[in-house]
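> quick one: sequence plus predicted model below, questions after.
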Amino acid sequence: MRKYVRWVDSIIQSHKSHTIQKLRIQFFLTKKDADTLTKWFEYAFSRQVPSLEIDLSPPNFIYFGNPYLNYVFPQEFTTSATCFDLKHLKALSLKFVTVTREAIEFFLNNCPFLEKFIVHHTKSMSKLEICGSSLALKHLELCYFFGLDSVRISAPNLTSLTIRVFSELILENVPMLDELRVGCGYSDFSVKKLLPAYSACISQLKSLTLILNNLKGSTDLCKFPEMPKLKKLVIAYCSVGEDSLLPLTSLIRASTRLQEFVLKLDWYQLSRSYREIETSVRFPHEHLKVVKFFGYYGRSSDYEFVRYFIDNCVVLERLIIDPHCVPYAPHDPITPTKLAKEVTAMECTKRQLESQVPAHIELVIIP
């Protein structure tokens with residue numbers, strides 16, 4: 001750690017230009033390194049940097065979900081806007097940096113050309129509003145805001161939104177939004193709570209990613225209205241036991257122009273049984289060309305889900321199957337238990353699918 005800090009300091013000291021185009025710090029540092037990190041922020045702001053990325057992500061998943069170790073963005077920066085000219089800042093990414101609501105408002109108010117704003121893993125606020133008719137924001141990511149209950153967004157230039165961990169989402173005046181990623185399975189948030197917000201952008205979405213938990217017994221997915229322009233649908237799903245994946249097909253049927261579907265299946269609570277295969281609903285998909293299944297485990301529910309696409313996709317060209325564990329977090333270690341599961345999953349994948357996929361569909365099994 002000290003070696004990295006000295007290395008960055010030496011580069012900063014040797015750089016004589018009055019401006020820099022980009023500064024990216026990616027290393028596990030915490031609030032213990034506050035003086036050093038504050039100095040780096042001051043350096044970036046004083047050099048009128050257009051793109052600033054501070055990523056203090058921990059080296060393994062043990063530290064994920066613990067924002068109390070985070071470096072705290074200096075409060076004095078938010079009360080002294082005249083100290084730095086931030087009008088050149090167009091892209092700002094802060095990961096594992098605790099920022100207050102005041103700090104976020106500071107950047108929105110003092111960076112008139114800010115187009116990309118990313119904040120991951122923070123705390124210290126219950127409500128957040130990102131609103132303004134003059135906002136230049138095009139890309140916004142708000143992920144793992146611990147304690148955050150309500151988010152309201154009104155940004156006329158916004159095209160891409162990623163948001164996770166909250167209880168209420170309000171979207172207003174987002175006429176350009178066509179890419180949405182939402183975590184629906186954590187905290188108190190649910191698909192049911194997403195639907196009212198979803199109405200503000202449903203007719204224009206081209207790409208949708210949903211992060212879902214167990215939906216056993218839920219009928220919420222059946223209530224999704226038609227998505228007439230959606231081209232790509234990604235679902236990250238945490239299933240339990242042998243729960244059927246077929247309820248997810250409600251979203252696919254609502255996407256009348258869908259061309260690519262991706263499923264990322266969490267293995268955390270999976271188990272394999274040998275129940276009978278359910279007969280899926282017959283519904284022709286006339287535009288779906290590519291299906292990707294990450295985390296194929298070889299359960300009956302996995303096979304019947306793939307069978308749905310084989311039976312219903314009229315123009316399906318590629319079926320990509322990855323029988324490996326989808327990592328919970330970056331640097332998530334592969335344990336002997338996981339490795340053994342992957343070996344079994346690979347065997348099941350080949351046994352179940354190689355003889356069942358028609359010749360006109362390219363089957364790709366990722367080794």
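That came through fine.
> name the helices or strands packed onto the host helix or strand of residue 11?
Assessed by DSSP states H and E, residue 11 sits inside helix 2-14. Applying 3 or more C-beta pairs under 8 Å, 6 or more residues apart in numbering; DSSP states H and E, we find helix 2-14 packed against helix 34-46. Where you see a C-beta, it was placed from the backbone N, CA and C, and this is true even at glycine.
> which residues touch the helix it packs on?
Contacts to helix 34-46, defined as C-beta atoms under 8 Å, 6 or more residues apart in numbering, come from residues 5, 8-9, 12, 20, 23, 25, 29, 52, 54, 56, 71-74, 77, 83-84, 86.
> could you give me the average pLDDT of the helix holding residue 11?
Mean per-residue pLDDT for helix 2-14: 90.
> circling back to that earlier point, among the contacts of helix 34-46, which ones are buried?
Neighbour-count burial (16 or more other C-beta atoms under 10 Å) applied to these gives 5, 8, 20, 23, 25, 29, 52, 54, 56, 71-73, 77, 84, 86.
> how about the helices in this protein?
Listed in chain order, the helices of the chain (DSSP state H) span 2-14, 34-46, 75-78, 101-110, 191-198, 249-254, 300-312, 336-353.
> just the buried positions in the last one, please.
Within helix 336-353, the residues scored as buried using 16+ other C-beta under 10 Å are 341-342, 345-346, 348-349, 352-353.
> and stretch 240-260, C-alpha only, in PDB?
Output of stretch 240-260 as PDB, limited to C-alpha atoms (Å, rounded to 0.1, in the frame of the first residue of the first chain):
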ATOM      1  CA  VAL A 240     -33.500 -21.100  -4.600                       C
ATOM      2  CA  GLY A 241     -33.300 -24.900  -4.800                       C
ATOM      3  CA  GLU A 242     -35.100 -26.100  -8.000                       C
ATOM      4  CA  ASP A 243     -37.400 -23.000  -8.400                       C
ATOM      5  CA  SER A 244     -38.600 -22.800 -12.000                       C
ATOM      6  CA  LEU A 245     -37.100 -20.200 -14.200                       C
ATOM      7  CA  LEU A 246     -40.100 -20.200 -16.500                       C
ATOM      8  CA  PRO A 247     -41.800 -17.100 -14.800                       C
ATOM      9  CA  LEU A 248     -38.900 -15.100 -16.300                       C
ATOM     10  CA  THR A 249     -40.400 -15.800 -19.700                       C
ATOM     11  CA  SER A 250     -43.100 -13.300 -19.000                       C
ATOM     12  CA  LEU A 251     -40.600 -10.500 -19.400                       C
ATOM     13  CA  ILE A 252     -39.400 -12.000 -22.700                       C
ATOM     14  CA  ARG A 253     -42.900 -12.200 -24.100                       C
ATOM     15  CA  ALA A 254     -43.500  -8.600 -23.100                       C
ATOM     16  CA  SER A 255     -40.400  -7.700 -25.300                       C
ATOM     17  CA  THR A 256     -41.900  -8.000 -28.700                       C
ATOM     18  CA  ARG A 257     -38.800  -6.900 -30.600                       C
ATOM     19  CA  LEU A 258     -36.200  -8.600 -28.400                       C
ATOM     20  CA  GLN A 259     -33.000  -9.600 -30.200                       C
ATOM     21  CA  GLU A 260     -30.700 -10.700 -27.400                       C
END
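> returning to what we had before: among the buried ones among the contacts of helix 34-46, which are located in strands?
By the criterion of DSSP state E, membership of the buried ones among the contacts of helix 34-46 in strands covers 23, 25, 52, 54, 71-72.
> farthest-apart pair in the residues you listed, please.
23 and 72 (19.3 Å; C-beta to C-beta).
> isn't residue 312 right up against residue 283?
Yes: judged on C-beta atoms under 8 Å, residue 312 makes contact with residue 283 at a distance of 5.5 Å.
> more crowded one of the two?
Between residue 312 and residue 283, counting by other C-beta atoms under 10 Å, residue 312 is the more crowded of the two (19 against 13).
> which residues does that one contact?
280, 282-285.
> can you lay out the buried residues of helix 336-353 as a markdown table showing distance to residue 213 and pLDDT?
Converted to a markdown table, the buried residues of helix 336-353 look like this (distance: C-beta to C-beta, whole Å; pLDDT from 0 to 100):
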| residue | distance to residue 213 | pLDDT |
| --- | --- | --- |
| 341 | 20 | 86 |
| 342 | 23 | 89 |
| 345 | 21 | 91 |
| 346 | 26 | 95 |
| 348 | 24 | 93 |
| 349 | 25 | 95 |
| 352 | 26 | 94 |
| 353 | 27 | 96 |
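> mind putting those into a markdown table with distance to residue 365?
As requested, the buried residues of helix 336-353 are exported to a markdown table (distance: C-beta to C-beta, whole Å):
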| residue | distance to residue 365 |
| --- | --- |
| 341 | 16 |
| 342 | 12 |
| 345 | 10 |
| 346 | 8 |
| 348 | 11 |
| 349 | 6 |
| 352 | 11 |
| 353 | 7 |
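> between the residues you listed, which is closest to residue 253?
For the buried residues of helix 336-353, the nearest to residue 253 is residue 353 (22.9 Å; C-beta to C-beta).
> let me see the contact set for that closest one.
Residues in contact with residue 353 (C-beta under 8 Å, 6+ apart) are 303, 306, 319, 321, 363, 365.
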